[in-house]
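Chemist: here are the coordinates; sequence isn't available:
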């Protein structure tokens, strides 16, 4: 029984049977919301405190491409294959950053796994997000230069199987750090309002970092002369 239903049940019936089960559901929803907010905050706090390390990891990817495969895709077409390789470039950037924070990301996934709410839509949103984070923690950094060179060796006609396999896992799981769905708000304890505000500020800082690193994606694409 949802909180909304509990509030609309006639008082006499609520006092007999519905009241205790509603109170239990409400208490469980609130406790799980608190647990999720804390886990999400820890993830964002770690992510934001390690922005310099994330930037350095991405810079290493840029440096590697410039050194190992400059102009590897020169005169390549702009088609579905180049789009998949562009996704692999994004994946190389993302996995390099995730690798620097694997421990906290995995801790987040473990913390969220047992949490459930009476709102099935909220359950789906939270657990889908956690599942995507879990996938990202299991992905190895792609061998970007080797894959682009293999594509070039085929006359730009055949993508290597490694690119196809990587994109198949990475693209559906590609998410940013932090998730505060609107459907969680009805269950958030009043005592966690400050925590939510702090988390939102951390998410905004992380989004700024992601926006800045679009230039790194462009630098890699330009170095290889790869069309998106």
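Modeler: Arrived safely. The structure presented is a predicted model; accordingly, all values stated were derived computationally and were not measured.

Chemist: any stretches of this protein with poor pLDDT?
Modeler: Applying pLDDT under 70 to the chain flags the ranges 1-25.

Chemist: quick one, helices of it?
Modeler: Using DSSP state H, the helices found in the chain span residues 3-8, 11-13, 19-49, 51-68, 80-100, 102-112, 120-138, 144-153, 161-173, 193-212, 214-224.

Chemist: return the residues in contact with the most centrally placed residue in the chain.
Modeler: The residue lying closest to the centre of the chain (C-alpha atoms, centre = their mean) is residue 175, at 2.8 Å. For residue 175, the contacting residues are 129, 132-133, 136, by C-beta atoms under 8 Å, 6 or more residues apart in numbering. C-beta here means a position set from N, CA and C on the backbone, and glycine is covered the same way.

Chemist: apply 6 Å and report the result again.
Modeler: residue 132 (C-beta atoms under 6 Å, 6 or more residues apart in numbering).

Chemist: and it, what are its phi and psi?
Modeler: Backbone torsions for residue 175, taken as degrees, to the nearest 10, come to phi -140, psi 160.

Chemist: over to residue 116?
Modeler: According to degrees, to the nearest 10, residue 116 has phi -150, psi 150.

Chemist: what's the answer for residue 227, then?
Modeler: Dihedral angles (degrees, to the nearest 10) for residue 227: phi -90, psi 140.

Chemist: what do you get for residue 176?
Modeler: The phi/psi pair for residue 176 (degrees, to the nearest 10) is phi -90, psi 170.

Chemist: now it: how far from residue 137?
Modeler: Using C-beta to C-beta, to the nearest Å, residue 176 is found at 15 Å from residue 137.

Chemist: these two: who's more crowded?
Modeler: Ranked by neighbour count (other C-beta atoms under 10 Å), residue 176 and residue 137 place residue 137 first, with 19 against 12.

Chemist: for the more buried one, give me its contacts.
Modeler: Counting by C-beta under 6 Å, 6+ apart, residue 137 touches 102, 105-106.

Chemist: with these in mind, which one is nearest to residue 80?
Modeler: residue 105 (30.6 Å; C-beta to C-beta).

Chemist: find the nearest non-adjacent residue to that closest one, please.
Modeler: residue 137 (5.0 Å; C-beta to C-beta, 6 or more residues apart in numbering).

Chemist: look up how far residue 53 lies from that neighbour.
Modeler: Counting by C-beta to C-beta, the gap from residue 137 to residue 53 is 16 Å.
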